[in-house]
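Asker: The sequence and its predicted three-dimensional model are supplied below.
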Amino acid sequence: MRRVITGIDEKGKAIFTRDDQSPNFITMGATEMGTLWNSTDPTHIDAGLGDPAEGKTGSVPGLGEVNVVYVIFPTEAERAANSHDGPSQVSSEFQVEDRDSGMHTTDTIDYGFILEGELTLELDDGLQTVLKAGDFYVQNGTRHAWHNRAETRAVLAAIMVGAKR
């Protein structure tokens, strides 16, 4: 996913500091997840010259920190054809309770958008709703799973804010 980052040069002028792809991403079978930006102090504006997303893929932000992530979900058929039995590359903070269903919990409040396709958001006891391109969601640290039951890939982008339970 392309990202364009602005910053401030030594004369105080606004500049583009990056126009590139996510610096690193992980794949889990046919699913791709990448971190586009990370901020350990979202109340401070810096020059934007460094790349705080480097090395943050698959990690959950700490209390008050922010990660901006994207996830590309293949169709269920693609996922089944490309599944693997090895260890997940996502960090331990994701607290994946059931790898087969994808149910997981994070200590975050997630503000997200469906950018492409549609996804089914599943909560405890099988509660589900379908989100389509253009829809917005807030995930309040609840146990959940995402499913792509459509016939095309789906893409979401989320701002994950580290929170306290």
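Answerer: Yep, it's here.
Asker: Going along the chain, name the strands of this protein.
Answerer: Using DSSP state E, the strands found in the chain span residues 2-8, 14-21, 25-28, 31-39, 66-73, 96-98, 103-104, 108-116, 118-122, 128-132, 136-140, 145-147, 154-162.
Asker: Could you tell me the angle between the first one and strand 14-21?
Answerer: Inter-element angle recorded for strand 2-8 and strand 14-21: 160 degrees (by axes from the mean of the first three to the mean of the last three C-alpha atoms, to 10 degrees).
Asker: what lines up beside strand 2-8 in the sheet?
Answerer: Strand 2-8 has the following sheet partners, assigned by DSSP bridges: strand 14-21 (antiparallel).
Asker: who's in contact with the strand it pairs with?
Answerer: 1-9, 47-49, 51 (C-beta atoms under 8 Å, 6 or more residues apart in numbering). Quick note: C-beta positions are derived from backbone N, CA and C, even for glycine.
Asker: what's the angle between that strand and strand 31-39?
Answerer: Orientation of strand 14-21 against strand 31-39 (the same axes, to 10 degrees) gives an angle of 160 degrees.
Asker: I am finished for the moment; much appreciated.
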